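K.L.:
Provided below are the primary sequence and the corresponding predicted coordinates.
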Amino acid sequence: MKNCIFLLLLIFSTTNAQNKISEETFHSLQDKIRVLSAQNIDSAFILTKKLYQSDNYIHRAFSKGAQGYLYQLNYDSINSKKCFKESLLLINQAPKSIERTKNMAYLYNYGGLSDWKRKNYKEALIKYQTGEKYSAEVNDIIQLVKFNINTALINGEIGNYRTAIKKGLNSERLIEKNKSLYTIEQFNLNKSTVYLNVGSFYESMFENENKKNKMYLDSAFYYYKKTIMFSYENTKNKIAAELNLANIYLYKNQIKETEKAYQSVLTDAKENNLNQEQNIAIYNLGHFYFTQKKYSKALVYFQKTDSIYQANQSNITDFIYSNYYQSKIYESFNDQENSLNHANIYLEYFEKNEEDMIHQIQDINQVQNSKTLKKEMELMREKYSTAVFFKKYSIYFSIGIIALLIYFYIKSRKKNKSTELKYKSIINEYNEKLNQVIPIEKTKEEKNSNLNLDEEKENLLFEKLLKLEEQKVFLNQDFTLQFAAKKIKTNTTYLSYIVNKRFGKTFSEYANELKINYVINEMITNKSYRKYSTQAIAESVGYKNATSFTKLFTKKTGLSPVKFAEKLNSDMDSKISISN
């Protein structure tokens, strides 16, 4: 028994020890995760999972926040967003303290970085501003510098390069001023990141100003070199700087150095599992070979860029311009169909991406060199669209047109046949004098001599109603249920009952039928009546609105009043003998 108790205590104490992480160990793990996020994502993931085993809500929250950013670096937006939400839920369970406030800022920094990677710049900026408040509350200088660096990046993304450079260099001065607050690894990482960003802002300024100001290019070159100096423990920043240096070699027309640098970066990025840098290098090699008119080689890399985008929806800008260059390449090959296809893809995604940027960023200064490319692609689409369309779809188009013509011809024949039958039926009814209403109950009246008082009253009222028909009172505009009931001295309920019983209709249907039958008879017997306008005919039978009259007439005859009159005129002497 004693042995069992000892064993249980041992298991409990071991489990408990596994869940306890000291604050010193926690801070050490935080620093390692930050450094490894820029060097080896897989190793950083392992440390976050180790940290998540802690029984401290703040530790677990930081673990989830860091995981969210790492997932986004691997283009997994779903898990990235999920982890950020979980991190906030966890940290809110911790009691209020300086440590909680500091880590709340870290979580919003990770959330902002993830939004930035997703190009949700507005959301990223909101998170940075929220995090800044937490850092300022506890005077966390190191984290405030990071927010300053990240805000500079957003300014760079929307074209505010001078503001971005100013913020970047201000961050560099703050890092130097507070050097004692950093570990050596942290200091080098932050300096490296600032120099890389400032270099990219200068390079973007050079491109944005039509590649005329060589001073910007020289400044970019200088800061990329400084990035490498401070990146001996930061592979990610080192490779990114080397990639950008290759761009500068190309601007300076140093062809051999450019190709060598791009290929070297591609190899290093693969070896270090840096997907983003690898993808950028692939696109840049395609662009490099395009500028050298080595179109077949360029196509290989541009097609890889397309595949990367289709696989994980990343690097959309490279994907868009890859299709622009592919369209140009296929045009040089005289391959109109492929040229048009890539021009269409370019235009579709360019417009979507442009709309998204405008929607997110209200103060964007300019759209970089895109209008000329867009116009060029639109001209190419106009140039080849008609030729490719008729080449590929002319047979199907012709078959479709023929099928539609046959369909409408058959439909028209059926409609005409149906209309003709209706028309003949109406004329035959007239000739046989069947248009006059014969009440259903009349025969019964003759057979039954013994009627009770109610039936006598009903028959009397019915006779009065028929008298109104003979007097053509229904032509009156006011011929309504109330009007007719008053005329035959009864109530509306009883009159409605009689009409429904004798004719199987509502009073409204009964009145409309009398009016339409009158018009039909007048048209058949009165040539002058046929010459009336539709409005005049409608008014002659008590309709104010010619439209509602026309609908009722067409429903009855299958023809509009005008068409019915025309057909009567043409058939009077040749087809149907009408007795006047």
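P.N.:
Right, received. Where do you want to start? All values reported here derive from a predicted model rather than from experimental measurement. Numbers count the residues shown, from 1 in each chain.
K.L.:
where does the protein dip in pLDDT?
P.N.:
Filtered on pLDDT under 70, the chain yields the residue ranges 1-18, 354-398, 408-453, 572-580.
K.L.:
which strand or helix spans the spatially most central residue of it?
P.N.:
By C-alpha atoms, centre = their mean, the mean C-alpha position of the chain lies nearest to Lys352, the distance being 9.3 Å. Using DSSP states H and E, Lys352 falls within helix 336-360.
K.L.:
cool, Leu405 as well?
P.N.:
Leu405 belongs to helix 370-431 when assigned by DSSP H and E.
K.L.:
repeat that for Lys328.
P.N.:
helix 316-332.
K.L.:
pull out the buried residues from that helix.
P.N.:
Under the neighbour-count criterion of 16 or more other C-beta atoms under 10 Å, helix 316-332 has 318-331 buried. (Glycine included, C-beta is placed from N, CA and C.)
K.L.:
just the strands in this protein please.
P.N.:
For the chain, no strands are identified by DSSP state E.
K.L.:
now for the closest residue in space to Lys226 that isn't next to it in sequence: which residues touch it?
P.N.:
Distances taken as C-beta to C-beta, 6 or more residues apart in numbering place Tyr195 nearest to Lys226, at 4.4 Å, with adjacent residues excluded. Shown in contact with Tyr195 (C-beta atoms under 8 Å, 6 or more residues apart in numbering): Glu172, Tyr223, Tyr224, Lys226, Thr227, Phe230, Ala241.
K.L.:
switch the residues you listed over to TSV; also include neighbour count.
P.N.:
As requested, these are exported to TSV (neighbours: other C-beta atoms under 10 Å):
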residue	neighbour count
Glu172	22
Tyr223	24
Tyr224	25
Lys226	19
Thr227	27
Phe230	21
Ala241	26
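K.L.:
which one of these sits closest to Arg60?
P.N.:
Phe230 (32.4 Å; C-beta to C-beta).
K.L.:
correct me, but the closest one touches Asn188?
P.N.:
Yes. If you go by C-beta atoms under 8 Å, Phe230 and Asn188 touch, sitting 4.8 Å apart.
K.L.:
what ranges do the helices span in the stretch 151-300 of the chain?
P.N.:
Assigned by DSSP state H, counting those that start in this stretch, the stretch 151-300 of the chain shows helices spanning 161-177, 184-208, 214-229, 235-251, 255-271, 275-291, 295-312.
K.L.:
now do the helix holding Lys352 against helix 316-332, angle only.
P.N.:
Here helix 336-360 runs at 150 degrees with respect to helix 316-332, directions being taken by axes from the mean of the first three to the mean of the last three C-alpha atoms, to 10 degrees.
K.L.:
quick revisit: tell me, what's touching Phe230 and Asn188 both at once?
P.N.:
Shared contacts of Phe230 and Asn188 (C-beta under 8 Å, 6+ apart): none.
K.L.:
distance to His27 for the buried residues of helix 316-332 - can I get that in JSON lines?
P.N.:
Below are the buried residues of helix 316-332 laid out as JSON lines (distance: C-beta to C-beta, whole Å):
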{"residue": "Asp318", "distance to His27": "38"}
{"residue": "Phe319", "distance to His27": "41"}
{"residue": "Ile320", "distance to His27": "43"}
{"residue": "Tyr321", "distance to His27": "43"}
{"residue": "Ser322", "distance to His27": "44"}
{"residue": "Asn323", "distance to His27": "47"}
{"residue": "Tyr324", "distance to His27": "48"}
{"residue": "Tyr325", "distance to His27": "48"}
{"residue": "Gln326", "distance to His27": "50"}
{"residue": "Ser327", "distance to His27": "53"}
{"residue": "Lys328", "distance to His27": "54"}
{"residue": "Ile329", "distance to His27": "53"}
{"residue": "Tyr330", "distance to His27": "56"}
{"residue": "Glu331", "distance to His27": "59"}
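K.L.:
of all the residues you listed, which comes closest to Lys563?
P.N.:
Distance to Lys563 across the buried residues of helix 316-332 (C-beta to C-beta) is lowest for Ser327, with 55.3 Å.
K.L.:
so what's the closest one closest to, chain neighbours aside?
P.N.:
Once flanking residues are discounted, Ser327 sits nearest to His342: 3.9 Å by C-beta to C-beta, 6+ apart.
K.L.:
ok, now how distant is the one you found from Glu463?
P.N.:
As defined by C-beta to C-beta, to the nearest Å, His342 lies at a distance of 85 Å from Glu463.
K.L.:
who's more crowded, those two?
P.N.:
Ranked by neighbour count (other C-beta atoms under 10 Å), His342 and Glu463 place His342 first, with 24 against 11.
K.L.:
for the stretch 1-150 of the chain, what spans make up the helices?
P.N.:
Under the criterion DSSP H, counting those that start in this stretch, the stretch 1-150 of the chain contains helices at 2-19, 23-37, 41-52, 57-73, 77-91, 98-117, 121-137, 141-157.
K.L.:
pipe those helices into CSV and attach mean neighbour count per row.
P.N.:
Converted to CSV, the helices of the stretch 1-150 of the chain look like this (neighbours: other C-beta under 10 Å):
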stretch, mean neighbour count
helix 2-19, 9
helix 23-37, 16
helix 41-52, 17
helix 57-73, 24
helix 77-91, 18
helix 98-117, 22
helix 121-137, 19
helix 141-157, 21
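K.L.:
put together TSV for the ones you listed, with distance to Asn275 on each row.
P.N.:
Output for the helices of the stretch 1-150 of the chain, formatted as TSV (distance: least, C-beta to C-beta, whole Å):
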stretch	distance to Asn275
helix 2-19	33
helix 23-37	14
helix 41-52	9
helix 57-73	8
helix 77-91	14
helix 98-117	12
helix 121-137	20
helix 141-157	19
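K.L.:
just list what the helix holding Lys352 packs against, helices and strands only.
P.N.:
Helices and strands touching helix 336-360, by 3 or more C-beta pairs under 8 Å, 6 or more residues apart in numbering; DSSP states H and E, are helix 316-332, helix 370-431.
K.L.:
quick one: residues contacting the closest residue to Asn79 other than its chain neighbours.
P.N.:
Ranked by C-beta to C-beta, 6+ apart and with sequence neighbours excluded, the top spatial neighbour of Asn79 is Tyr71, at 4.3 Å. Contact analysis of Tyr71 by C-beta under 8 Å, 6+ apart lists Ser77, Asn79, Ser80, Cys83, Ser114.
K.L.:
wait, which of the residues you listed is closest to Leu514?
P.N.:
Out of the contacts of Tyr71, the member with the shortest distance to Leu514 (by C-beta to C-beta) is Ser77, at 71.5 Å.
K.L.:
and the gap between the closest residue to the closest one other than its chain neighbours and Ser314?
P.N.:
With sequence-adjacent residues excluded and distances taken as C-beta to C-beta, 6+ apart, Ser77 is closest to Arg118, at 5.9 Å. From Arg118 across to Ser314, the span is 10 Å (C-beta to C-beta).
K.L.:
and if you look at Val265?
P.N.:
Separation of Val265 from Ser314 (C-beta to C-beta) stands at 18 Å.
K.L.:
quick one, what contacts Ala246?
P.N.:
The neighbourhood of Ala246, defined by C-beta under 8 Å, 6+ apart, consists of Glu257, Thr258, Ala261, Tyr262, Val265, Asn284.
K.L.:
from what I can see the fifth one touches Ile239, true?
P.N.:
Yes. Contact criterion C-beta under 8 Å: Val265 and Ile239 qualify, at 5.8 Å.
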